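Engineer: turn this into a model:
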Amino acid sequence: MKLRANLIIGGALFALAILVGLLAPWLAHTDPVMDANLLNAEEPPSWTWWFGTDDQGRDIYSRVVYGARVSLTVGIISQLINSIIGVALGLSAGYWGGWWDDVVNALTNLMLAIPSLIFALAIMAVLGPGLTSLLIALGLTNWSFTCRIARASALSLRSQGYVQAATVLGYGDLRIMMTQLLPNMLGPIVVIGTLGMGSAVLSEAALSFLGLGVRPPFPSWGSMLSEAREQITTAPWLSVFPGLAIFLTVLGLNLLGDGLRDILDPQSRSRRA
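Structural biologist: Numbering: from 1, shown residues only. Down below sits the predicted model:
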């Protein structure tokens, strides 16, 4: 029952966030950037302004809706980059072993020793703020966990009979890794990827809060929190709604990842039972 609840609730929250981002032009009441009116500045939530307005009179609801596009784009694409790097390094290191395994292990340990957000900050400092820089920074900093999982899976799978049979049949290393090993390790990779998207959404919010995310005035949840920090006592709705959007999105991804883990890895479910 708990398994199904986690999967359903997490999947519903994530699907809702995806739909909000995709349908933003139709769901938003106003243009989140251009429709500013100082006469409507800092209006509290009402039937007219569902989430209130900011200090420039822009509709918070519309900005939260459009902000979903930024957070989900960063979360999905950066985690896809992480997964590609992590799987490529971990799979090849686990299958080939030898000096290449030593190099990948050393590189992975180095990445694990550096806080990912600090590393992302360093990359952003070089590349400058912007969506492309954000994707590159987050895409290059969180692949180490995926690499560890892929390597461990490859080490256990390479001695299996079907892998040895493929070798006897003359399959090349790349073909064996892509057709024999990769399909059998997709379960844990999907789980860590789902959980990693939640982490990427939080990292994007943190970097945008520091002014290193999407350039203003285009909305992102992190930059909206940054803009609202000085009015947190006088106009709390400015920070409540983007903060709630981050919370629900990350909660949904974590619940979805937990549910997928129990489905794709029955042993973990039996250990927790």
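
Engineer: from memory residue 177 sits against residue 91, does it?
Structural biologist: Yes - the pair residue 177 / residue 91 is scored as a contact, 5.4 Å apart, by Cβ atoms under 8 Å. In short, each C-beta sits where N, CA and C put it, glycine included.

Engineer: max-length helix in the chain?
Structural biologist: Assignment by DSSP state H gives helix 60-96 as the longest helix of the chain.

Engineer: off-centre distance for that helix?
Structural biologist: Chain-centre distance of helix 60-96: 5 Å, with Cα atoms, centre = their mean, to the nearest Å.

Engineer: by contact count, what packs against the next helix or strand after that helix?
Structural biologist: Sequence-wise, the next helix or strand downstream of helix 60-96 (DSSP states H and E) is helix 98-113. Applying 3 or more Cβ pairs under 8 Å, 6 or more residues apart in numbering; DSSP states H and E, one finds that helix 98-113 makes contact with helix 60-96, helix 144-157.

Engineer: could those go into CSV alongside mean neighbour count?
Structural biologist: Listed next are these as CSV, based on neighbours: other Cβ atoms under 10 Å:
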stretch, mean neighbour count
helix 60-96, 23
helix 144-157, 21
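
Engineer: out of those helices, which gets nearest to residue 252?
Structural biologist: Judged by Cβ to Cβ, the one of these that comes nearest to residue 252 is helix 60-96, at 11.1 Å.

Engineer: tilt between the closest one and helix 144-157?
Structural biologist: Calculated by axes from the mean of the first three to the mean of the last three Cα atoms, to 10 degrees, helix 60-96 forms an angle of 40 degrees with helix 144-157.

Engineer: give me the mean pLDDT for helix 60-96.
Structural biologist: Mean pLDDT, helix 60-96: 91.

Engineer: next, the angle helix 98-113 makes with that helix.
Structural biologist: 150 degrees.

Engineer: got the contact list for stretch 242-250?
Structural biologist: 13-14, 17, 60, 63-64, 67-68, 71-72, 75, 198, 201-202, 205, 221-222, 224-225, 228 (Cβ atoms under 8 Å, 6 or more residues apart in numbering).

Engineer: picking up where we left off before, can the helices and strands packed on helix 98-113 go into CSV with extra columns for distance to residue 254?
Structural biologist: As requested, these are exported to CSV (distance: least, Cβ to Cβ, whole Å):
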stretch, distance to residue 254
helix 60-96, 12
helix 144-157, 15
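
Engineer: out of the ones you listed, the one nearest residue 118 is which?
Structural biologist: Residue 118 lies closest, by Cβ to Cβ, to one member of the helices and strands packed on helix 98-113: helix 144-157, at 14.1 Å.

Engineer: tell me where the stretch 101-250 of the chain has helices.
Structural biologist: Secondary structure of the stretch 101-250 of the chain (DSSP state H, counting those that start in this stretch): helices located at 116-127, 131-139, 144-157, 161-168, 173-176, 186-209, 221-228, 237-264.

Engineer: of all those, which one is nearest residue 9?
Structural biologist: That would be helix 237-264 among the helices of the stretch 101-250 of the chain, by Cβ to Cβ, at 5.3 Å.

Engineer: list the buried residues for the closest one?
Structural biologist: In terms of neighbour count (16 or more other Cβ atoms under 10 Å), helix 237-264 has its buried residues at 237-243, 245-246, 249-250, 252-263.

Engineer: then stretch 9-16?
Structural biologist: 10-11, 13-14.

Engineer: low-confidence ranges in the chain?
Structural biologist: The chain contains residues with pLDDT under 70 at 1-3, 265-273.

Engineer: now do 80
Structural biologist: Where the chain drops to pLDDT under 80, the residues are 1-4, 33-42, 213-217, 262-273.

Engineer: in it, which residue is closest to the centre?
Structural biologist: Nearest to the mean C-alpha position of the chain, by Cα atoms, centre = their mean, lies residue 197 at 2.0 Å.

Engineer: kind regards, and thank you for your time.
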